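Enquirer: Here is my input; please provide its structure:
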Amino acid sequence: MPPVRFLAFIAAAALAAPAAAQSYLPQSKAIGGNPGPQHNYICPNVDGGRALDCYLDAVRHLYTMCKHVKSIEIIEFGYAASEQGTNATKSEYCVDKQKLNIARPYQAALREATTSKQAVDDMRGLHEYWNAALAALKWRPGESDDEYKARTAAVVAAIDERVAAIRQALPPAPGRAGTPGAQDKARR
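Expert: Numbers count the residues shown, from 1 in each chain. Modelled structure (predicted):
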């Protein structure tokens, strides 16, 4: 086969491949108020859930993502050097990216939670705490390895407690177990 025909064949195959692959990809749909594929990056444990469920999942998940990125920088450069020069670039980018990623789920969750002033206030407090926790992922001079790990792990536990408080402040969603309508359906 002449080189020109071979290159034309390769180019045609490359152009056809994306179209063929598209038919095998999962279709994009809204999950928890956040458009994305079925296996959602922002709230991976809430496929098909409410916006509120997506946000409450995302807070913990996105903090953990940036915590892992910071851990990689620490492993790569050591605690003190992980904050010097461009060594912290990856974790700084992660924080900026996750703040953008959570904005839509947060706004959608606030709209859903309007039935409970306490839940809305608690969500605002959680969001402020989350933002502060992301900023505090940096190693503090003089902090030991155990102290750093305990401090960042305590954030996850505090997020879980705040999420539980928000869920308690909300009335049950229609059709969920524990609601009168769901109990009636279960008896039938």
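Enquirer: Quick one: mean pLDDT for the helix or strand hosting Y93?
Expert: For Y93, the host element (DSSP states H and E) is helix 89-112. Mean per-residue pLDDT for helix 89-112: 94.
Enquirer: Just the buried residues of that helix, please?
Expert: The neighbour-count check on helix 89-112 (16 or more other Cβ atoms under 10 Å) flags 90-92, 94-95, 98, 101-102, 104-106, 108-110, 112 as buried. C-beta here means a position set from N, CA and C on the backbone, and glycine is covered the same way.
Enquirer: where along the chain do the strands fall?
Expert: Here the chain has its strands, by DSSP state E, at 29-31, 34-36.
Enquirer: Could you pull up the mean pLDDT of the last one?
Expert: By that I understand strand 34-36. 54.
Enquirer: Check the first one too.
Expert: Here strand 29-31 scores 56 as its mean pLDDT.
Enquirer: got a list of what W130 touches?
Expert: Going by Cβ atoms under 8 Å, 6 or more residues apart in numbering, W130 touches 59, 63, 102, 159.
Enquirer: quick one: it and Y55, what's the gap?
Expert: 10 Å (Cβ to Cβ, to the nearest Å).
Enquirer: joint contacts of those two?
Expert: Joint contacts of W130 and Y55 (Cβ under 8 Å, 6+ apart) are I102.
Enquirer: Could you list the low-pLDDT ranges of this protein?
Expert: 1-39, 173-188 (pLDDT under 70).
Enquirer: at 90 what do you get?
Expert: 1-50, 83-85, 115, 170-188 (pLDDT under 90).
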